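Engineer: Have a look at this prediction, sequence included:
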Amino acid sequence: MSTPDEGSESAQSRELTRIEAEAFFYTVFEHLGYDFRHYSDASRNRRLVAFVERYSLGTISEAQGQVLRNTKLLSAFLSAMTVNVTEMFRDPLVFMKIRSELLPRLATYPRIRVWVAGCATGEEAYSVAILLAEAGLLDRTTIYATDIDAESLKVATSAIYPAEAMITATRNYQASGGDRPFSDWYTAKYDRCILSPELRPRLEFFSHNLATDSAFGEFHLILCRNVFIYFEESLQRRAELVFRDSLAPFGNLVIGPREGLTGGGAKLFTPVDRKLGIYVKNQHGRP
């Protein structure tokens with residue numbers, strides 16, 4: 001059992017960490033343009049502390065200058081701050097819904113544009129590409145996949161993943177309604193698997209920051225799954241407006257099944273399947 005002094009010291013330590021973290025993220029935004037100021041405090045600060053400890057940078061305040069001066073350390077910091085937990089056909093029921101209900105409507109467009117925001121290492125973007133290929137739509141589709149972490153985007157661009165990841169991918173693919181051998185979509189080489197060259201030309205990977213960047217095109221489908229849970233409400237609200245402005249009339253937004261929209265976002269999008277996180281742009285919505 002801690003003594004009153006120990007409890008007070010712990011509270012002071014947490015407050016110091018919070019103050020140092022606020023200063024750190026403000027400086028990174030001011031000097032480098034990467035904005036983590038409105039990410040959820042608990043997750044954000046925990047990741048920062050772990051990053052500082054992993055690279056033996058001393059205190060958060062001492063780490064600040066090192067990140068500003070060292071590009072390799074900056075890259076490591078961005079990787080530490082972004083969430084790269086993903087897999088192909090994650091949440092299979094969502095992909096089943098996309099396959100059965102959204103793709104038939106996408107098929108009515110002569111050219112199809114899809115945005116996968118917060119794509120991490122690219123597995124979700126390739127999953128969407130496979131759905132489109134199996135529906136005979138990939139050849140008239142462009143998938144824009146974005147993230148703020150350059151290292152993750154390098155992995156995504158390579159289309160090379162650990163062989164063991166294909167075990168889960170195969171199971172998810174089958175649960176999503178896939179009815180052909182999933183091995184048709186990759187070539188195994190030693191402990192790595194290379195995804196089909198049919199997929200890569202239809203994907204464009206590049207950097208985009210939902211905290212600072214704006215809409216950059218008109219899309220028929222946007223996926224931003226398991227990203228909002230790391231945002232404060234103000235940042236999520238900003239992202240919802242970016243997606244509203246980026247969607248074509250009656251375009252669909254897909255978020256994580258365990259996520260929801262803000263009160264303002266609920267005015268911009270109408271649920272198609274709230275449980276699965278699928279919405280359609282509300283033509284009469286107002287900010």
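Structural biologist: It's in.
Engineer: Go through the longest strand anywhere in the chain and flag the buried ones.
Structural biologist: Using DSSP state E, we find that the single longest strand of the chain is strand 247-255. Within strand 247-255, the residues scored as buried using 16 or more other Cβ atoms under 10 Å are Leu247, Gly251, Asn252, Leu253, Val254, Ile255. The way it works is simple: take the backbone N, C-alpha and C, and place the C-beta from them, glycine included.
Engineer: What pLDDT is listed against the fifth one?
Structural biologist: Looking at Val254, its pLDDT reads 98.
Engineer: can I assume Leu93 is in contact with Leu276?
Structural biologist: Yes: counting by Cβ atoms under 8 Å, Leu93 touches Leu276, with 6.1 Å between them.
Engineer: Once you drop chain neighbours, what's closest to the residue nearest to the spatial centre of the chain?
Structural biologist: With distances taken as Cα atoms, centre = their mean, the chain has Gly118 as the residue nearest its mean C-alpha position (2.2 Å). Nearest-residue entry for Gly118: Val227, 4.1 Å, with adjacent residues in sequence omitted and distances by Cβ to Cβ, 6 or more residues apart in numbering.
Engineer: Tell me which residues touch the one you found, please.
Structural biologist: Val83, Ala117, Gly118, Leu210, Ala239, Ile255, Gly256 (Cβ atoms under 8 Å, 6 or more residues apart in numbering).
Engineer: mind giving me the domain split of this structure?
Structural biologist: 4-81, 92-281 (automatic domain parsing).
Engineer: what is the mean pLDDT for the first one?
Structural biologist: Right, domain 4-81. pLDDT averaged over domain 4-81 gives 82.
Engineer: what does stretch 204-216 give?
Structural biologist: 94.
Engineer: Now do the phi/psi pair for Ala21.
Structural biologist: phi -60, psi -40 (degrees, to the nearest 10).
Engineer: ranges for the helices of the stretch 101-250 of the chain?
Structural biologist: With DSSP state H, counting those that start in this stretch as the criterion, the stretch 101-250 of the chain has helices at 103-106, 123-134, 150-158, 165-175, 233-246.
Engineer: Perfect, that will be all.
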